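[1] What would the 3D arrangement of this be:
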Amino acid sequence: MEVTTEMDRRYRVRIRYDEPPHDGPVVGIAIPLVLELDPPDAGNINAFEVRIGRSVAQTRLIARRFFDSDGQTDLGFIASGHLRAIAQLWHALHLAHGDEIPVSFLALDDERRTDESAIEGFITSADLEAVLQEVERKCDLGVRTESLNPPIYLEAFWGPRQFGKLDAMIARLAHFNIVPDALLDKARRVDVPHNWAVIYPQDLPDRDQVLLALEPLIKHRGGCTFELSHGHNPAVIDNFVAELSRMPIEERPYYLLALGDFDVLSMEFQYFLQSFGAAGRLAFSNPDAYRKYAEKIIRYEADLDDREPPGPTYIATDYDDVNARNYTELVLPLAAVPDLPKPQEVLARGRAYKERVLEVLRRVPPRSPLLIFAHGFEHLTTRGQPVDAVFEDMRQFQGALMLDDFLGPRPLGSTTGLLCATDVVDRPVSPGGIVILHACYSAGTIDRDTMPEWIHLQMPERVSPPAPFISQLAQAFLANPQGPIAVYGHVNRSHQSNYYNPDVENKSYPYLHYYEMLKALVHGLPIGFGRESCRRMTIHYMDQAMTLSYQIEWLLTGRSRGGSGIGWPRKGVGAYERSFLQYSFGTCNFRNYLILGDPMARIRKTLLEG
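    I've put the predicted structure just below:
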């Protein structure tokens, strides 16, 4: 299938569908849409920004260039995620006005690049729609939503992604009692044996030294260790949790401490592990840091008593309307709830600039919760900067908290207006406490965007790192001997404005989740038990999203995957599709909440001890 359009009278751009290659493993559905410049006298241009529609497809699509043996330009493949590229084209098609849609290609790596260097032209709506329908047919994309633009391909949502089967398995856990009441009763008693375990991959860096460094903590917990042959293989993950679920309750640990960064033990493993109990993660750069962390846990727990801990400290930035909502919908109701201790301090309403924040951090009392609500810094583009330098800056600063005096654009290496690792690594900050960071990337960054992975919506530009990593800010908190014993944050982006709570009106799920976590901590329960509500909601939302996807398919095609009681919606399929979108957003948010540190960390003696 091919469409040709003239561009600036010098180039002919063909938007063409080619069959996917079959000479290697294909992750997801390979849909190479080809943008071929003819004649090939632009062979010195390696990448283009592709825009379809004047204000429609603003997300960047990188066209990688390949060269044949004569050095001539061969083909440029859209490399920004094939399904997302398709969805963006649909988005352009259905939101554009008129029969002709403007298309432009702007060279990205030409130092002399100006707006005049853009190649511009038009493609007709009919031709573009014909290409897209042919791609859908040839790639067997299956049913897509009707009322959402761009559409969501339901088969792609659950099927072909590398870990899509794990997502579907988590959804099915809603129909099984995978964390029985007897295990939860055991989890409330931190002094019972076989309640805690360490899990590590075989290729964990400095494995033997790390395990030796953690030996005092393992003995302190009365725990055991599990070694995985591989930290990324779905079959290994599946087999391990199956083994875990078959254990007798008296031998099955609820608190699970995973070791290693995301490059050796995947985030998907933690998604799944968090469904079978309370999972935390430690990933330091050297064994000595593990040793110091273990000593910190043991030291602070030796002095725990049954007195009520000091009230929480709240810091909320006022950077934009999202931050303002965090203050009004989360901080204010949490600070006013009568069955939590009175807040130690609240810094908000435009006062959370860096100097004041550091002052407040120095005043946080030992063994108390610290909650910070802010945007997490993220890199949006590498344009005009050395790519390697950008990636190094990402590892250092992605997930640092943008305070009220943060100003962009930010030069590489700048710490102005950011709460970053160097601010918390070597001074007393929430000693022996729990830090909760309500911010994007505050727990870490994985090397793909978890939202378009699920929902192929148009998203702002982002930079994907060459390898996933845990936030340096969170690492610094945990590595600080006078710092907190656990950090609770979010991997990749959070979409709090899209949280949906079907059970309680006018109360966002983040409020209820943080309320339950704070209440658990105040009663001496571990942070892992405080995350129990998030574990349940992750499974519930996944189940709802999968069920709705099957309902939409049945309503649109008449084909059923089994089950009964679907029924016709009173207001048409659009209502189902909007609910599907809402549950899908919520699922991505819930599963990306992450405990860094020991999931059995607590700030008060557990009232059930002894």
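[2] what's next to the helix or strand hosting E215, contact-wise?
    Assessed by DSSP states H and E, E215 sits inside helix 207-221. Applying C-beta atoms under 8 Å, 6 or more residues apart in numbering, the contact partners of helix 207-221 are 195-196, 198, 200, 204, 224-225, 255, 259, 287-288, 290-291, 293-295, 297-298, 301, 598, 600. In short, each C-beta sits where N, CA and C put it, glycine included.
[3] What about those residues, which are in strands?
    W196, V198, Y200, C224, T225, Y255, L259 (DSSP state E).
[4] Residues in a beta bridge with the first one, which ones?
    Pointing back at W196 there. Beta-bridge partners recorded for W196 (DSSP bridges): Y255.
[5] check contacts around it.
    R221, G222, G223, P253, Y254, Y255, L256, L257, M600.
[6] are any of the residues you listed buried, and which?
    R221, G223, P253, Y254, Y255, L256, L257, M600 (16 or more other C-beta atoms under 10 Å).
[7] Export the ones in strands among the contacts of helix 207-221 as a markdown table, with columns for distance to Y353 and pLDDT.
    Listed next are the ones in strands among the contacts of helix 207-221 as a markdown table, based on distance: C-beta to C-beta, whole Å; pLDDT from 0 to 100:
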| residue | distance to Y353 | pLDDT |
| --- | --- | --- |
| W196 | 41 | 97 |
| V198 | 41 | 98 |
| Y200 | 41 | 96 |
| C224 | 47 | 95 |
| T225 | 45 | 96 |
| Y255 | 38 | 98 |
| L259 | 37 | 97 |
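[8] Buried ones among those?
    W196, V198, Y200, Y255, L259.
[9] wait, isn't the second one in contact with G223?
    Pointing back at V198 there. Yes. The pair V198 and G223 qualifies as a contact (C-beta atoms under 8 Å) at a distance of 6.3 Å.
[10] got any residues that touch both of the two?
    In terms of C-beta under 8 Å, 6+ apart, V198 and G223 are both contacted by the residues L257.
[11] What is the longest helix of this protein by residue count?
    helix 532-557 (DSSP state H).
[12] Next, the buried residues of that one.
    For helix 532-557, the neighbour count (16+ other C-beta under 10 Å) marks 532-535, 537-556 as buried.
[13] what's the spacing between that helix and its chain's center?
    In terms of C-alpha atoms, centre = their mean, to the nearest Å, the centre of helix 532-557 is found 19 Å from the chain centre.
[14] what's that helix packed up against?
    Other helices and strands packing on helix 532-557, by 3 or more C-beta pairs under 8 Å, 6 or more residues apart in numbering; DSSP states H and E, are helix 154-158, helix 164-172, helix 509-522, helix 573-591.
[15] so where's the stretch 201-350 of the chain shaky on pLDDT?
    By pLDDT under 70, the stretch 201-350 of the chain has no low-scoring segment.
[16] rerun that using 90 as the cut-off
    Low-confidence segments of the stretch 201-350 of the chain (pLDDT under 90): 230-239, 241-242, 245, 267-272, 306, 319-326, 329.
[17] would you list every one of the helices in it?
    Assigned by DSSP state H, counting those that start in this stretch, the helices in the stretch 201-350 of the chain fall at 207-221, 234-246, 267-273, 287-302, 321-326, 332-336.
[18] To P409, which of the ones you listed lies closest?
    helix 321-326 (19.2 Å; C-beta to C-beta).
[19] got the buried residues for the closest one?
    Neighbour counts over helix 321-326 (16+ other C-beta under 10 Å) mark N323, A324, N326 as buried.
[20] any idea which of the residues you listed is the one closest to V387?
    N323 (30.5 Å).
[21] D263 versus the nearest residue to T557 once chain neighbours are set aside, what's the distance?
    In space, and not counting its chain neighbours, T557 is closest to V143: 5.9 Å by C-beta to C-beta, 6 or more residues apart in numbering. According to C-beta to C-beta, to the nearest Å, V143 and D263 sit 36 Å apart.
[22] what does A474 give?
    The gap separating A474 from D263 is 16 Å, by C-beta to C-beta.
[23] Comparing these two, which shows the higher neighbour count?
    Using other C-beta atoms under 10 Å, the more surrounded residue of A474 and D263 is A474, with 28 against 18.
[24] Could you measure from the more buried one over to L154?
    Counting by C-beta to C-beta, the gap from A474 to L154 is 35 Å.
[25] Equivalent analysis for P253, please.
    For P253, the distance to L154 (C-beta to C-beta) stands at 37 Å.
[26] do the same with Y576
    In terms of C-beta to C-beta, Y576 sits 11 Å off from L154.
[27] Next, show the common contact partners of these two.
    I552.
[28] Going by neighbour count, which residues of stretch 463-475 are buried?
    By 16+ other C-beta under 10 Å, the buried positions in stretch 463-475 come out as V463, P465, P468, F469, I470, S471, Q472, L473, A474, Q475.
[29] Let me have those in TSV, extended by pLDDT.
    Putting these into TSV (pLDDT from 0 to 100) gives the following:
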residue	pLDDT
V463	82
P465	89
P468	94
F469	96
I470	97
S471	97
Q472	97
L473	98
A474	98
Q475	97
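[30] Of those residues, which is the nearest to Y353?
    L473 (17.4 Å).
[31] and the closest one, what is it in contact with?
    Applying C-beta under 8 Å, 6+ apart, we find L473 in contact with G399, A400, L401, L419, C420, A421, V424, L437, S442.
[32] What is the subsequent helix or strand relative to whichever strand or helix holds it?
    If you go by DSSP H and E, L473 is part of helix 472-479. Using DSSP H and E, the helix or strand that follows helix 472-479 in sequence is strand 486-490.
[33] Direction included, what does that next one pair up with?
    Checking strand 486-490 against DSSP bridges gives partners strand 434-438 (parallel), strand 593-597 (antiparallel).
[34] would CSV of the ones you listed with mean neighbour count and distance to L358 be doable?
    Converted to CSV, these look like this (neighbours: other C-beta atoms under 10 Å; distance: least, C-beta to C-beta, whole Å):
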stretch, mean neighbour count, distance to L358
strand 434-438, 27, 14
strand 593-597, 25, 21
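[35] G586 is nearest to which of the ones you listed?
    Of these, nearest to G586 by C-beta to C-beta is strand 593-597, at 11.6 Å.
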